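Asker: I'll drop the sequence and a predicted model, then ask my questions.
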Amino acid sequence: MEQELNQAAPEPYQVLHAIEQLVQFALRQQLIQDSDTDYSRNLLLDLLGYTEPLLEEITQPVPDSPQPMVDILIDAAASKGLIPDNSDTYRDLLDAKIMGLLMARPSEVTGRFMQLKEEQGIEAATDYFYKLCIDSNYIRMDRVAKNEFWRYDSSYGDIEITINLSKPEKSPKEIAMAKLLPPPVYPKCQLCRENVGYAGRVNHPARQNLRVIPLELNQEKWLFQYSPYVYYNEHCIVLHHDHVPMKLTKDTLRRLLGFVEAYPHYFLGSNADLPIVGGSILTHDHFQGGRHTFPIQKAEVLAVYEHTSHKGVTAGIVNWPMSVLRLTAEDPEALLECANEIYEAWKGYSDSALDIEAWSDAEGERVPHNTVTPIARRSADGGYELDLVLRNNRTNEQHPEGIFHPHREMHHIKKENIGLIEVMGLAILPGRLKSELDQVGDILAGDTALYAAAQEDSNPLQVHLPWIEQLKKEHAEGLSKEEAQHVIREAVGEIFTEILEQAGVYKHTEAGRQGFHQFLDHMGFQQSGL
């Protein structure tokens, strides 16, 4: 959404005052040190085209967020023609540049992180780094706060629902401009380490305020950073040092377990490595983690299995809409060997009666369909847990988008891949639903004109029409808007739960339960008492 350009441009006094407040904010939040203040002030003056600072002491309190000051500076830049267009995209590019001038170099941030880790422990180090990412406006908490969030009480326990509003949408003009640009060469993708300090462009976000921490997993170079959109608490990304494609192997599982050994207060998971069931970026190997207890973690275990070749490891079928095996052990090496054996067996396992086929032939090539979504964490007693969510990406005529994928009747709510975060019970729904669901609420509350308009092909609500009809039948007329909104939230939670069930390879039917047991029996697992 473009900003209003007809409003008065900030007066020089306002701009200089904002610069001084921003420098004081950076000093207070320890983005810079006292000896950096003159240097930082001068950089901001130069950026905005001023030669002298405010020659008086500021008396107004410095805000808790940099955004009020940054907005004034960007307004001033727009009025001076320092950005090509006063749109969200170009404002964000300048936002990152401004905050990048108020941060320590990457090596200094890494040094401080490692010092805290050594002196106070890994939690103190991540606390510092997460706060830095918020204070530097890399994580836009003002936008994250706009996300819609609620819980749905399903038969599997609470399901978390969010409508994502923190990731800005591009205008049609910006999308058209981006199409004219050549394919990206540098950085190769938004996960590459070369993003640190990158100025960005209309089709790639600026990252002058991005910092990453090096770490070693499986004797390889990896990097640790936070997601700018934080879908949950301390949402982090662990990415390969090099631009290499995602591939799930035994080494993947070893890296996950190695990370939670070093960062025991975080979980870490990987998207599956096949299209449809995989994540949005398969070209750069990466994981997602954080400090959040997801619904899947709280789900109960229905049946426990043991294997004579894997002493000390238990495997449990989890009461979850998707097909989840939970492995637990005190010894991470024993857990790794068991998990890898299950993964390798699953890759080649078929059960035609349940539409599970491990392979198909396409133009003479053998195409794999089975994979897993693995999630590692530490248990309360310090042991290791690894959830293996069984996935299959086959398609057929009835379900061309995927047999184990949101079916078409669900696409009005969600049609994207069910990735790691959704697998764990947190729905990331598109921003368009905020206004659309609000209007559906108006219809249920008696807005007949809006109901009539929804039946027109050009109306965004038309995709929801069968669902609206169903809701109108199920609920009496005369709902208040508040009652209608509650009905809609419950209905969305029910739909997302059903979407997860559709993504599960073993359904919650007698045939599905028997099929799950047969897979474990095929591997030599024996059921034991809980």
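Answerer: Arrived safely.
Asker: burial count for residue 433?
Answerer: Counted with other CB atoms under 10 Å, the neighbours of residue 433 add up to 21. C-betas here are computed from N, CA, C, even on glycine.
Asker: now swap in residue 299 and tell me
Answerer: 20.
Asker: for residue 387, see how far away it is.
Answerer: 10 Å (CB to CB, to the nearest Å).
Asker: overlap in contacts of the two?
Answerer: 318, 324 (CB atoms under 8 Å, 6 or more residues apart in numbering).
Asker: from residue 245, how far off is the closest residue to residue 495 other than its chain neighbours?
Answerer: The shortest distance from residue 495 to any non-neighbouring residue, by CB to CB, 6 or more residues apart in numbering, is to residue 413 (5.1 Å). To residue 245, residue 413 is 30 Å away according to CB to CB.
Asker: next one: residue 114
Answerer: 30 Å.
Asker: what's the residue nearest in space to the middle of the chain in contact with, if anything?
Answerer: Centroid check for the chain by CA atoms, centre = their mean gives residue 231 as the closest residue, at 5.1 Å. Contacts for residue 231 (CB under 8 Å, 6+ apart) come out as 162, 164, 421, 426, 428.
Asker: continuing past the helix or strand that contains residue 500, what's the next helix or strand?
Answerer: Using DSSP states H and E, residue 500 maps to helix 481-503. The helix or strand immediately downstream of helix 481-503 is helix 510-522, counting by DSSP H and E.
Asker: grab the nearest non-local neighbour of residue 386.
Answerer: That would be residue 327: by CB to CB, 6+ apart, it lies 4.7 Å from residue 386.
Asker: partners of the one you found in the sheet?
Answerer: Residue 327 has these beta-bridge partners by DSSP bridges: residue 315, residue 386.
Asker: that one and residue 335 touch, don't they?
Answerer: Yes. Using CB atoms under 8 Å, residue 327 is in contact with residue 335, at 5.7 Å.
Asker: any common contacting residues for these two?
Answerer: 313, 386.
Asker: please tell me how far the nearest residue to residue 60 once chain neighbours are set aside sits from residue 71.
Answerer: Nearest non-adjacent residue to residue 60, counting by CB to CB, 6+ apart: residue 21, 7.4 Å away. According to CB to CB, residue 21 stands 12 Å off from residue 71.
Asker: mind checking which of these two has more residues around it?
Answerer: Legend: neighbour count by other CB under 10 Å for residue 21 and residue 71, higher for residue 21 (20 against 16).
Asker: state the distance from the more buried one to residue 507.
Answerer: With CB to CB as the criterion, residue 21 and residue 507 are 58 Å apart.
Asker: still on that earlier bit, which one of residue 413 and residue 245 has more residues nearby?
Answerer: Remark: of residue 413 and residue 245, residue 413 carries more neighbours, 23 against 11, as counted by other CB under 10 Å.
Asker: pLDDT at residue 480, what is it?
Answerer: Here, the pLDDT recorded for residue 480 equals 94.
Asker: meant to ask about residue 168, not that
Answerer: In this model, residue 168 carries a pLDDT of 63.
Asker: same question, residue 70
Answerer: Predicted confidence (pLDDT) for residue 70: 98.
Asker: helix, strand or coil for it?
Answerer: Secondary structure assignment for residue 70 (DSSP: H, G, I helix; E, B strand; the rest coil): helix.
Asker: just residue 446 next, same as before
Answerer: Secondary structure of residue 446, per three-state DSSP, is coil.
Asker: mind listing what it touches?
Answerer: Counted by CB under 8 Å, 6+ apart, residue 446 has contacts 477, 478, 479.
Asker: ok, now residue 496?
Answerer: Contacts of residue 496 by CB under 8 Å, 6+ apart are 152, 159, 161, 413, 414, 422, 427, 429.
Asker: does the last one touch residue 413 like I think?
Answerer: Meaning residue 429. Yes. Residue 429 lies in contact with residue 413 (CB under 8 Å); the separation is 6.7 Å.
Asker: touching both of these two, which residues are there?
Answerer: 492, 496.
Asker: strands of the stretch 251-400 of the chain, residue ranges please.
Answerer: Under the criterion DSSP state E, counting those that start in this stretch, strands of the stretch 251-400 of the chain are mapped to 267-269, 286-290, 301-306, 314-318, 324-329, 359-362, 365-368, 370-378, 384-392.
Asker: packing partners for the first one?
Answerer: Using 3 or more CB pairs under 8 Å, 6 or more residues apart in numbering; DSSP states H and E as the contact test, the elements touching strand 267-269 are helix 250-262, strand 286-290, strand 370-378.
Asker: low pLDDT regions in the stretch 1-150 of the chain?
Answerer: 1-8 (pLDDT under 70).
Asker: going along the chain, name the helices of it.
Answerer: 12-28, 37-48, 67-79, 88-100, 106-120, 122-135, 141-144 (DSSP state H, counting those that start in this stretch).
Asker: between these, which gets nearest to residue 517?
Answerer: Closest of the helices of the stretch 1-150 of the chain to residue 517 is helix 122-135, at 39.8 Å (criterion: CB to CB).
Asker: residue 527 in helix, strand or coil?
Answerer: Once three-state DSSP is applied, residue 527 turns out strand.
Asker: bridging residues for it?
Answerer: Counting by DSSP bridges, the residues bridging with residue 527 are residue 305.
Asker: so what's it up against?
Answerer: With CB under 8 Å, 6+ apart, residue 527 has these contacts: 303, 304, 305, 517, 520.
Asker: can you redo those as a markdown table with distance to residue 123 and pLDDT?
Answerer: Output for those, formatted as a markdown table (distance: CB to CB, whole Å; pLDDT from 0 to 100):
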| residue | distance to residue 123 | pLDDT |
| --- | --- | --- |
| 303 | 35 | 95 |
| 304 | 32 | 96 |
| 305 | 34 | 96 |
| 517 | 40 | 97 |
| 520 | 37 | 97 |
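Asker: residue 183: which of those residues is nearest?
Answerer: residue 520 (45.7 Å).
Asker: neighbours of the residue nearest to that closest one when sequence neighbours are not counted, just the number please.
Answerer: Closest residue to residue 520 apart from its sequence neighbours, by CB to CB, 6+ apart: residue 305 at 5.4 Å. Other residues near residue 305 number 20, with proximity taken as other CB under 10 Å.
Asker: how near is residue 305 to residue 103?
Answerer: 50 Å.
Asker: could you do residue 268 as well?
Answerer: Counting by CB to CB - residue 268 and residue 103 are separated by 26 Å.
Asker: with residue 210 instead?
Answerer: Taking CB to CB, one finds residue 210 at 9 Å from residue 103.
Asker: what ranges do the helices span in the stretch 201-350 of the chain?
Answerer: 250-262, 295-298, 332-347.
Asker: tabulate those helices (TSV), appending mean neighbour count.
Answerer: TSV is the format used below for the helices of the stretch 201-350 of the chain (neighbours: other CB atoms under 10 Å):
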stretch	mean neighbour count
helix 250-262	20
helix 295-298	18
helix 332-347	19
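Asker: surely residue 109 and residue 129 touch.
Answerer: Yes. With contact defined as CB under 8 Å, residue 109 counts as touching residue 129 (7.5 Å).
Asker: related to what we said a few turns ago, restricted to strands, list the contacts of residue 231.
Answerer: 162, 426, 428 (DSSP state E).
Asker: tell me the contacts of the closest residue in space to residue 316 that isn't next to it in sequence?
Answerer: Among residues not flanking residue 316 along the chain, residue 301 sits closest, at 3.6 Å (CB to CB, 6+ apart). Residues counted as contacts of residue 301 (CB under 8 Å, 6+ apart) are 316, 317, 318, 319, 326, 530.
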